[in-house]
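Asks: this is the structure alone, sequence omitted:
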């Protein structure tokens, strides 16, 4: 009957109960839905970062990261490949690349780019480029002079499929190496900067141009499970000679995104607290009003022999019901909102240049993390009950005579 | 055997800057099974006396013993327990719980006592039948007349077989016919269940029904008449 009493009491003033429940519903909805949007943004950033030639783990020759020149290439990558065969879990994919800074030019324009020599089949399994070609075709293993360039670069160079681009870079003899390539494919990427930055040829063509023989710049690895990245990287680090090779995870390779993730986490919990503080005042105010309206009743409860702690429980039970209904509806609404956007996402193409600056995707797909949902619900529920303790204790402290004579 | 013993009980209230003496040293013993009226004009101290006997208020000095327990030595929780198991209350303003039905209001005290649901429902129904409210089990207080509400309050007070029922001006809000019916019912309960009834009143009809009339004036016992 305690719960029955609490349930009926909250509906004694339906308007007030509905108002505070609405505040809780909006609060919970905003916590979960906006949290999902933020997670969607950060997931998009990570996904883009990983797909844009980073992978989960990369292996380089020692010093390449600080000075990515051709002299810091891995001359004998077999050592790493043997170690990977031992360490990588089933389902892991990898690809080796030649990757150097270069100058691209045609008759009209010149631009600094990242010249990437890839193994077309392997690369297609681990990075965006396999599915990014929108005009022409993707590279083939026997493409000695074929090149795939980004749409933004092609537009900037005022060129098109079938035209030539001259690539220049420093070879292993420290001489300027140059070679003409013909555009066989044009790719589009999430970000225009990617389209302007990367230009792809086959690994063999790049090695030939730079006189690298079998040398490569990096090996990029994609794991079947992102959770195990650190462990696999540690194992791989232990399996290759540390004097010659560096093994790094995407978190180390993309420090800006890693910092963003930490900021997003902190911001989200600050957001939870801000929402709760606004909501908490409402809960305290409503509960206090409900208590002061019923002072005589609490006096009666005491006169009938109800102990102070039972009165506290009674008031908390009322808050419990309001919080339960509010959080339940808030959860359902936030899940529905996320579900409604899960197909097409939120298209922010109009703001593309600004988003690109922040490393964000053009389309945001909200992502619900169970951990965030649990934290949001716990914050509302536990703190909601905690702030209700004050009015509950107030109710328990009325002396019976004071309360019964209250008018 | 005395169920209530008060010895030199004093109580003062602060009203602004003025100290008002409500009880100036009352000594009183009430026998078990009594049907006693504390009578006197408004402000005489009879309600204060009743509140102190019921443990709702505390005396400044003196000694109050109820059913063998000395109230001055008890904390709030022990007093609550004493009220729960030994004392029933009937108030002038009925004081029923508005969101509960008549049956649930009567059950409420037994709920606090931990009586199993089936038993408390059975006992609540029986007592409501005894006070003539067999048709009002599911009515809430707002759907009942003043007389019916006061009968529910009496049923609630006696359902758990307390040693004492303290009734503060129980007929004050009732018409004389309803008030008389209520008194008849309480007298019957007193005789049938041997529950001690102590009233505070200035209603002559209640005084006429009482087997003992204690007159209180200016915070002191001014007369004590056994009929």
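Replies: It's in. Note that the coordinates shown come from a computational prediction; the quantities given were computed from them, not determined experimentally.

Asks: mean pLDDT per helix and strand in chain B: which one sits at the bottom?
Replies: Least confident helix or strand, chain B: helix B:176-193 with a mean of 86, by mean pLDDT, DSSP states H and E.

Asks: hmm, who's touching that helix?
Replies: Around helix B:176-193, the neighbours that count as contacts under CB atoms under 8 Å, 6 or more residues apart in numbering or on different chains are B:33, B:35, B:130-132, B:145-147, B:150-151, B:154, B:158, B:161, B:165, B:167, B:170-171, B:174, B:195-197, B:203, B:205-206, B:209. C-beta coordinates here come from the backbone N, C-alpha and C atoms, glycine included.

Asks: likewise stretch B:60-73?
Replies: Applying CB under 8 Å, 6+ apart, the set of residues contacting stretch B:60-73 from outside is B:3-12, B:25-27, B:52-53, B:55, B:58-59, B:79, B:82, B:86-87, B:163-164.

Asks: distance between the ends of that stretch?
Replies: Taking CA to CA, to the nearest Å, stretch B:60-73 runs 13 Å from one end to the other.

Asks: equivalent analysis for stretch B:81-93, please.
Replies: Using CA to CA, the end-to-end distance of stretch B:81-93 comes to 23 Å.

Asks: that older thread, among the contacts of stretch B:60-73, name the ones in helices.
Replies: B:52-53, B:79, B:82, B:86 (DSSP state H).

Asks: wait, which of those is closest to residue A:249?
Replies: residue B:79 (66.5 Å; CB to CB).

Asks: that closest one contacts residue B:55, correct?
Replies: Yes - contact status for residue B:79 versus residue B:55: in contact at 4.1 Å, counting by CB atoms under 8 Å.

Asks: who has more neighbours, the two?
Replies: Relative neighbour count places residue B:55 above the other of residue B:79 and residue B:55, with 26 against 22, counting by other CB atoms under 10 Å in any protein chain shown.

Asks: report how many residues lie close to the residue lying closest to residue A:226 once chain neighbours are set aside.
Replies: Spatial nearest neighbour of residue A:226, excluding adjacent residues (CB to CB, 6 or more residues apart in numbering or on different chains): residue A:56 at 6.4 Å. As a burial measure, residue A:56 scores 25 neighbours (other CB under 10 Å).

Asks: now do residue B:113
Replies: By the measure other CB under 10 Å, the count of residues near residue B:113 is 14.

Asks: distance check, it against residue A:303.
Replies: 15 Å (CB to CB, to the nearest Å).

Asks: then residue A:202?
Replies: As for residue A:202, its distance to residue A:303 is 91 Å (criterion: CB to CB).

Asks: ok, now how distant is residue A:75 from residue A:214?
Replies: Separation of residue A:75 from residue A:214 (CB to CB): 8 Å.

Asks: and chain B, which residues reach chain A?
Replies: If contacts are counted using CB under 8 Å from any CB of the partner chain, the residues of chain B sitting beside chain A are B:51, B:54, B:56-57, B:76-77, B:80-85, B:87, B:89, B:91, B:95, B:97-100, B:104, B:107-109, B:111-113, B:156.

Asks: quick check, the residue nearest to residue A:226 in contact with residue A:46.
Replies: No - in this structure, residue A:56 is not within contact of residue A:46 by CB under 8 Å, at 10.3 Å.

Asks: which residues are in contact with both of these two?
Replies: What both residue A:56 and residue A:46 touch, as defined by CB under 8 Å, 6+ apart, is the set residue A:250.

Asks: check which helix or strand covers residue B:167.
Replies: Mapping residue B:167 onto the secondary structure by DSSP states H and E places it in strand B:164-168.

Asks: buried residues, that strand. List them.
Replies: Applying a neighbour-count criterion of 16 or more other CB atoms under 10 Å in any protein chain shown, one finds B:164-168 buried in strand B:164-168.

Asks: ok, now stretch B:42-49?
Replies: For stretch B:42-49, burial by neighbour count (16+ other CB under 10 Å) applies to B:44-49.

Asks: next secondary structure after the least confident helix or strand of chain B?
Replies: Towards the C-terminus, the helix or strand next in line after helix B:176-193, according to DSSP H and E, is strand B:196-201.

Asks: which helices and strands does the following helix or strand past that next one pack with?
Replies: Following the chain from strand B:196-201 toward its C-terminal end, the next helix or strand by DSSP H and E is helix B:204-209. Secondary structure elements in contact with helix B:204-209, counted by 3 or more CB pairs under 8 Å, 6 or more residues apart in numbering or on different chains; DSSP states H and E, are strand B:35-39, helix B:176-193.

Asks: please name the nearest non-neighbouring residue to the closest residue to chain B within chain A.
Replies: For chain A, the residue closest to chain B is residue A:305, as judged by CB to the nearest CB, at 2.5 Å. With sequence-adjacent residues excluded and distances taken as CB to CB, 6+ apart, residue A:305 is closest to residue B:84, at 2.5 Å.

Asks: show me which residues of chain A sit near chain B.
Replies: Counting by CB under 8 Å from any CB, chain A comes close to chain B at A:1-2, A:4-5, A:8-9, A:12, A:296-297, A:300, A:302-308, A:310, A:399-401, A:404.

Asks: please redo it, this time with the cut-off set to 10 Å
Replies: For chain A, the residues in contact with chain B (CB under 10 Å from any CB of the partner chain) are A:1-2, A:4-12, A:294, A:296-297, A:299-311, A:396-397, A:399-405.

Asks: can you select the buried ones from these in ChimeraX?
Replies: Selecting only the buried entries of the residues of chain A next to chain B in ChimeraX, with 16+ other CB under 10 Å as the criterion:
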select /A:5,6,8,9,10,294,296,297,299,300,301,302,303,304,305,306,307,308,311,396,400,401,403,404
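
Asks: what residue ranges in chain A score low on pLDDT?
Replies: Residues of chain A that meet the criterion pLDDT under 70 lie in A:1, A:350-360, A:406-407.

Asks: domain ranges for it?
Replies: By the record's domain assignment, chain A is partitioned as A:2-49+A:257-404, A:57-222 (automatic domain parsing).

Asks: so which of these is nearest residue A:231?
Replies: Closest to residue A:231 of the domains of chain A, according to CB to CB: domain A:57-222, at 9.5 Å.

Asks: endpoints of that closest one, how far apart?
Replies: The separation between the terminal residues of domain A:57-222, taken as CA to CA, is 7 Å.

Asks: next: stretch B:156-165.
Replies: 10 Å.

Asks: and for stretch A:287-299?
Replies: Distance between the boundary residues of stretch A:287-299 (CA to CA) amounts to 17 Å.

Asks: and if you look at stretch B:40-57?
Replies: 19 Å.

Asks: for stretch B:36-54, same thing?
Replies: The first and final residues of stretch B:36-54 sit 15 Å from each other (CA to CA).

Asks: is it true that residue B:35 touches residue B:199?
Replies: Yes - counting by CB atoms under 10 Å, residue B:199 is a contact partner of residue B:35 at 8.4 Å.

Asks: looking at those two now, which is surrounded by more residues?
Replies: Counted by other CB under 10 Å, residue B:35 and residue B:199 do not tie: residue B:199 has more neighbours, with 28 against 21.
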